[in-house]
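Enquirer: my questions are about this predicted structure, shown below with the sequence.
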Amino acid sequence: MMKVLRGLGAALVWLLATVVMILAAVLCVTVILLPLGLPLMALGLRLYGYGVQILVPGAPEVKRGLRKRLGLRAHGDVRGDVKRAGKRGKKSGRKLRKKAGNAVDDAGKAGHRGRKRLAGVFGG
């Protein structure tokens, strides 16, 4: 329903802008009324811009519509946010510990291999 009302409002503003632009063009053709025609032309262009602003929804409405379409929860559920953040923290901590352990093991193996190579080069 809101989209229809926006469309009607934008159409009315564009119709008014078109009438103003035609009047401005007629005034600009007559050289004597050129100083009146130019500001009126600017007003017509500004009205076209307002019509577009009426038609296009704002950022908060777009976010709300996307969240609704995707089936995501609304903002304000702090308890759920805290719970999800805790789970993510635990999971990333486990991953980090696992990677750190692998890195330590790899470093130890690399050091051992390096010592073996050195011993082989110098006849040890």
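Expert: Nice, thanks for sending it over. Numbering: from 1, shown residues only.

Enquirer: dump the residue contacts of Leu16.
Expert: Shown here is Leu16, whose contacts under the criterion C-beta atoms under 8 Å, 6 or more residues apart in numbering are Leu47. (Each C-beta comes from the backbone N, C-alpha and C, glycine too.)

Enquirer: how near is it to Leu27?
Expert: 16 Å (C-beta to C-beta, to the nearest Å).

Enquirer: now Pro60
Expert: When Pro60 is compared with Leu27 (using C-beta to C-beta), they lie 41 Å apart.

Enquirer: likewise Pro39?
Expert: Relative to Leu27, and taking C-beta to C-beta, Pro39 is found at 10 Å.

Enquirer: those two: which is more packed in?
Expert: Each of Pro39 and Leu27 had its neighbours counted (other C-beta atoms under 10 Å), and the higher figure belongs to Leu27 (18 against 11).
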